[in-house]
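Q: With the sequence up front, the predicted model follows.
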Amino acid sequence: MAKIGKLVVVGVGLIGGSFALAARRANAVARVVGVGRSRANVERARALGVIDAAAAADAVHGADLVFLAMPVGQTAAVLAEIAPHLGADTVVTDAGSTKSDVVAAARAALGAAFARFVPGHPIAGAEHSGVAAARADLFDGKRTVLTPLAETDAAAAARVHALWRACGAEVREMTPEAHDRVFAAVSHLPHVLAYALVHDIATRAGAQELFDYAASGFRDFTRIASSHPEMWRDICIANRAALIDELDRYGEVLREVRALLAAGDAAGARASVRRRARRAQPLARAAMTLAFAVQPGGALRGCVRVPGDKSISHRAIMLGSIARGTTRIGGFLEGEDALATMNVFRALGVAIDGPDRGRVTVHGVGMRGLRAPQQVLDCGNSGTSMRLITGLLAAQPFDAELDGDASLRRRPMRRIADPLALMGARIETATGGRPPLRIHGNPRLRAIDYALPVASAQVKSALLLAALYANGTTRVTEPAPTRDHTERMLAGFGYAVRREGATIELTGGGELRAADIEVPADISSAAFFMVGASIAEGSDVTLEHIGLNPTRAGVIEILRLMGADLAVANERAVGGEPVGDVRVRAARLTGIEIPERLVPLAIDEFPALFVAAACARGRTVLRGAAELRVKESDRIQVMADGLALLGVRAAPADDGIVIEGGAVGGGTVDAHGDHRIAMAFAMAGLVAGAPVTVRDCANVATSFPGFVALARTAGLRIAEACP
C-alpha cells in the first residue's frame, strides 16, 4: 500500500494509540498527530512515542487520513468540529462500536467529504484502557469490520482496507444496519444482561455471600459488568432499536425455558434445545447484507490472491480428524462452509486449534476415535460437508443427525444414501430424500462395486470415506473424471488408493497418518476474476497461487476455447496439488459449443462462464450439465432468469443452456442465496450498460469471505447495500 504521509488520530487511548503503533510497525505512515479533549492525555501519548505531535482539532488540515477513536456519543460533535479543516483528498474512518448513528452523523457533518468517510469497527480490546495500554500487536489476527456505503469512494475504502490489513487485522465488510444487528446480539445484549444480573445480585440481602461462592462462569459476567458504564450507556442508546429487538427475542426464550422447568418437562426441554439447534443459523450469516450494488465500468488490475480452496479445506479437516497424530493446515478457507465442517468435527470430539489467518491444527483421534455428538450436527449451507461426513458417520458405532439451512434442506441426498445403503448403512432422509439425515451407525460396513450414474466428486468421496471402514475392497467407477482431491489427500495421509482407468479402488481397515497440508487458492473463486478480466476492456490481473488440479481446471480450457488471453506461470507442486499463477488480460470472446468432456471439470464455474458467454460474440451452447439443476440453486434456471433481466437471450434446457452473446444491460437480479450466482452477476456489472443490483447475496461468505473488499481493490465498482 502507498505510505500515508500524515495520520491524525482523534482520541489517543487504547484503540487510537494501538492503531498508531500498528501503522508505525508496518511502516505505513510517515507522521502521526494526536488530537484529544484531554491535553494531558495527548501529551502523554507523545511522551510514550505513540504519536509524533499533539495538536488541536484543526490539525486535520493536510492530513491524508483521520482516524476517529473516541466514544460514539462524541462522534457528531467531533465531526462537526473537524469538518471545516478537512482537505479535498482527506480520508476519514472511525472505530465506533455502532455504525448507523455514526453514518448519520457523518452524513450531516461532512457534506461532500462524506464520500471519503469509511465507517469501521475493530473487534479488539485489552484488560486495561488508556494510551499506556496501547500496543502495536493489538489487532493481529483480529477482525475489523468496515461498513462502506454505495456512495463511498472506492479508492478511500481500499486505502482504509489496506491500512487495517497492514495493522494485522482481518477485514470484513457489511452494511451499517447489518453491523448493528449483529453486535446488538453478540456484544451489546451480553453487556446489558451482565449489568442487569450483577446489579440484581449485588442489591440482594446477603450479596457478599453470593459473590463469595461465584464460580468461573459468573465471574465472566462480573468481568463484562465492570466495563466502562458511560461508554456502554452511549453504545446501547445509539443502537437501541436493534438492542430492544434482541431483548424481546431473549425474553421469549427465557419464558419458554421457565415454562418447561415449571412443568418439570425434561423431554420438552430437550426438544426445545433440539428445535433451536436445527433452526439456528449463524447470526452473522442471517444479518449480513443481502445485496450487491455494482456500478458499470472499470477494469480489473493488479495481483489478486483469492481465498483457499474450499474442497481441499473440507477434506483436510475430515482426514486430519480421523488420522493419528497432529495435522497442520495452512491456507485454510475461513468461509462458513469450511467452518461448518470444522465445527461438526469439534462436536464429534476432535480438538481443533484455529483458524488463525489460515492456520489450523487438527489433533487427530484415529479411525475409531470419533465420539457420539450431543446435538444435531449443523452443516450450514454446505452440501460437501453433509455428503462427505455422511460417508464417515455411516461406519461409526453411534447414531447422529445432520441438518443445515433452508437452502441445504432442498438439496437431494438419496444419491449418497442409496449407495451407502448397499454397503450396509442405515440413513433416514426427510420427504423427497432431502435433509435432515438421521444416520444409524454401522461399524460393519461391506465393500461394494459401484458405478456412479452421474459424475459427482461428492458421491465418490462419500463412498471412499465409508470404504475406509468397510470389510474388503470398494471400487467406484466414474462415467467421467471428477475432482480427485480425496484420492490425492488420502495418499498424502499414507492410505493406499489405486486407480485403474475410470475405477478407483480402496481396501478398508487401514490407518491414516497425520500430514501437513498447504491449501492452494481456490480456482472456483478465481474463476470470477478470470471472467471479469476477460470481458472488461483494459483489464490485466494476475491470480496468484491458484490450484491447477487437472480435474478442476476445465474453466481455463473453456475460456481459452472462447478466445480468452490466459497465461499460466510459476507452476509447481504444493502438498501433492499442482499450483501456479494465472495472468488474464482482456480479450474479445467468441461463443462456442462447450465440450461435454469439460463439464465435470468446470461444474462449479459455470455461473461465471455464463457471464462470459453473455459477453461473447455469437452463441454458446452447454449440454450434459444436469447436475447444475441440483446445486445451491437451480443454476441453469436462475442464471437464465437473471441474464434475461439484464437483456441477454438465454434459453434453458433440461441439461444445459443456450446463450446469445451481446450487450449486457443493467437491472436487479436475484441470486436466490447462491454464492456463485451472486459473484457471477457482480462481475457482469463491469460491462453492464447501467447499474446492476444483485439480491440475496449473504451466502457469498460460505466460500469467499471478503469478496466485496477484494473485488473493489481489484477495480470492480461494488458495494454492499440493503436489498
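A: Okay, I see it.

Q: Averaging pLDDT per element, find the lowest-scoring helix or strand in the protein.
A: Here the helix or strand of the chain ranked lowest by mean pLDDT, DSSP states H and E is helix 283-287, holding a mean of 41.

Q: Pull the residues that contact the next helix or strand after that one.
A: Counting by DSSP states H and E, the next helix or strand C-terminal to helix 283-287 is strand 291-294. With Cβ atoms under 8 Å, 6 or more residues apart in numbering as the test, strand 291-294 has contacts from 150, 678, 681-682, 684-686, 688, 691-697, 708, 716-723. (Glycine included, C-beta is placed from N, CA and C.)

Q: Got the confidence number for residue 292?
A: With respect to pLDDT, residue 292 scores 91.

Q: swap in the one 5 residues further on?
A: Note on residue 297: pLDDT of 90.

Q: so what's the nearest residue to residue 560 once chain neighbours are set aside bridging to?
A: Sequence neighbours aside, residue 566 is the residue nearest to residue 560 in space, at 6.0 Å (criterion: Cβ to Cβ, 6 or more residues apart in numbering). Residue 566 has these beta-bridge partners by DSSP bridges: residue 584.

Q: can I assume residue 566 is in contact with residue 556?
A: Yes. If you go by Cβ atoms under 8 Å, residue 566 and residue 556 touch, sitting 5.9 Å apart.

Q: Got the phi and psi for the residue nearest to residue 535 when sequence neighbours are not counted?
A: Once flanking residues are discounted, residue 535 sits nearest to residue 615: 4.3 Å by Cβ to Cβ, 6+ apart. Per-residue torsions, residue 615: phi -100, psi 0 (degrees, to the nearest 10).

Q: and residue 615, how many neighbours?
A: Burial of residue 615 is recorded as 24 neighbouring residues (other Cβ atoms under 10 Å).

Q: these two touch, right, it and residue 687?
A: Yes. Assessed by Cβ under 8 Å, residue 615 is found in contact with residue 687 at 5.8 Å.

Q: so what's in contact with these two at the same time?
A: With Cβ under 8 Å, 6+ apart as the test, residue 615 and residue 687 both reach 535, 664.

Q: ok, back up a step: who are the contact partners of the residue nearest to residue 535?
A: 535, 589, 661, 664, 684, 687.

Q: if we can go back for a sec, what about burial for the contacts of strand 291-294, which qualify?
A: Among those, the ones that count as buried by 16 or more other Cβ atoms under 10 Å are 150, 678, 681-682, 684-686, 688, 692-697, 708, 716-721, 723.

Q: did I read that right, residue 371 in a helix?
A: No. The assignment for residue 371, made by DSSP: H, G, I helix; E, B strand; the rest coil, is coil rather than a helix.

Q: Skipping its backbone neighbours, what lies nearest it in space?
A: In space, and not counting its chain neighbours, residue 371 is closest to residue 349: 3.4 Å by Cβ to Cβ, 6+ apart.

Q: and the gap between that neighbour and residue 584?
A: Here residue 349 is placed at a distance of 44 Å from residue 584 (Cβ to Cβ, to the nearest Å).

Q: just residue 481 next, same as before
A: Residue 481 is 25 Å from residue 584, by Cβ to Cβ.

Q: So between the two, which is more surrounded?
A: More crowded of residue 481 and residue 584, by other Cβ under 10 Å: residue 584, with 25 against 15.

Q: show me the contacts for that one.
A: So residue 584 contacts 529-530, 533-534, 539-543, 564-566 (Cβ under 8 Å, 6+ apart).

Q: try residue 609
A: Residue 609 neighbours (Cβ under 8 Å, 6+ apart): 527, 531, 555, 558-559, 594, 602.

Q: Now, of those, which are buried?
A: The buried subset of the contacts of residue 609 - by 16+ other Cβ under 10 Å - is 527, 531, 555, 558-559, 594, 602.

Q: Residue 431 is in contact with residue 414, correct?
A: No. Judged on Cβ under 8 Å, residue 414 makes no contact with residue 431 at a distance of 11.5 Å.

Q: so where's the protein uncertain?
A: Residue ranges of the chain with pLDDT under 70: 1, 127, 207, 209-230, 265-290, 722-723.

Q: In it, where's the longest helix?
A: With DSSP state H setting the assignment, residue counts place helix 240-262 as the longest helix in the chain.

Q: now that helix: how far from the chain's centre is it?
A: How far helix 240-262 lies from its chain's middle: 29 Å, per Cα atoms, centre = their mean, to the nearest Å.

Q: wait, what's in contact with residue 634?
A: Residues near residue 634 by Cβ under 8 Å, 6+ apart: residue 628.

Q: burial measure for residue 513, as a count.
A: Using other Cβ under 10 Å, residue 513 has 14 other residues around it.

Q: Now it: closest residue in space, sequence neighbours ignored.
A: Among residues not flanking residue 513 along the chain, residue 494 sits closest, at 4.2 Å (Cβ to Cβ, 6+ apart).

Q: For the stretch 151-300 of the chain, which segments count as helices?
A: Applying DSSP state H, counting those that start in this stretch to the stretch 151-300 of the chain gives helices spanning 154-166, 176-183, 189-202, 207-212, 216-225, 229-238, 240-262, 266-279, 283-287.

Q: right, I mislabeled it, should have said the stretch 501-650 of the chain
A: Under the criterion DSSP H, counting those that start in this stretch, helices of the stretch 501-650 of the chain are mapped to 523-535, 554-561, 606-615, 635-645.
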